[in-house]
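S.K.: Let me see the structure of the following:
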Amino acid sequence: MRRREDQKQYDRTVAGNWPEKAEMITGPVYKAMDLKYARNPGYTGALYLHEGVEGPSIGTLRVVKAGKDPGYINLEDVSRAIRTTRKLHDVFPGYVIASVVKHEIPCGAARADNTSEAFERAWAGDSLSAFGGVVALSETVNYDTAKE
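M.R.: Predicted coordinates for the structure are as follows:
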């Protein structure tokens, strides 16, 4: 019975609206977007970013979308794809690296001389599982690759 009361108290505490801007130990953060779901089922979520973050990272995320906001797992996929691509680029400098992640599981990764070939190779790793996943590339995406 005590556990149920603890859960109710927790629910009441976290159910309130979070601010648009907050001060954290690491510095100021701002609410970048709402998430369609959070880590725990039944809870809402939001993405907060540190002010002044630069370079490719989850902190400089720009969502191009049609429809709903991303969910927590989508952001985890983005983070994992970026980290995988960065690590492989460190191992294979001079190559274009592509990685594909869906539901926190890498579906493919590849190196090539250009973005189209790197994407095609990474996608071929497990194209069925990759559908609807996240693709990260170490170079700027050209039109042909974006079309793919």
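
S.K.: what ranges of this protein fall below the confidence cut-off?
M.R.: Counting by pLDDT under 70, the chain contains low-confidence ranges at 1-18, 24-25, 56, 59, 61-68.

S.K.: which residues in it form strands?
M.R.: For the chain, the strands defined by DSSP state E occupy 21-24, 27-35, 45-50, 96-102, 105-112, 134-137.

S.K.: okay, those, which one's buried deepest?
M.R.: strand 96-102 (a mean of 26; mean count of other CB atoms under 10 Å). Quick note: C-beta positions are derived from backbone N, CA and C, even for glycine.

S.K.: That one - which strands sit beside it in the sheet, and in what orientation?
M.R.: Strand 96-102 pairs in its sheet with strand 105-112 (antiparallel), strand 134-137 (antiparallel), by DSSP bridges.

S.K.: Compare the ones you listed and report which one is nearest to Tyr30.
M.R.: Closest to Tyr30 of the strands paired with strand 96-102, according to CB to CB: strand 134-137, at 23.3 Å.

S.K.: And that closest one, how far out from the chain middle?
M.R.: Relative to the centre of its chain, strand 134-137 is centred 10 Å away, using CA atoms, centre = their mean, to the nearest Å.

S.K.: Now do it: everything it contacts.
M.R.: The contact list for strand 134-137 (CB atoms under 8 Å, 6 or more residues apart in numbering) reads 74, 77-78, 80-82, 84-85, 96-102, 115, 118-119, 122-123, 145.

S.K.: With stretch 117-125 instead?
M.R.: With contacts defined as CB under 8 Å, 6+ apart, stretch 117-125 is touched by 95-100, 106-112, 130, 135, 137-138, 145, 148.

S.K.: Which stretches in this structure count as helices?
M.R.: Ranges of helices in the chain, per DSSP state H, are 2-14, 72-91, 115-124, 127-130, 143-147.

S.K.: for the ones you listed, which one ends up most surrounded?
M.R.: Neighbour counts averaged per stretch over the helices of the chain are highest for helix 115-124, at a mean of 20; criterion: mean count of other CB under 10 Å.

S.K.: and it with strand 96-102, angle?
M.R.: Put simply, helix 115-124 runs at 30 degrees to strand 96-102, going by axes from the mean of the first three to the mean of the last three CA atoms, to 10 degrees.
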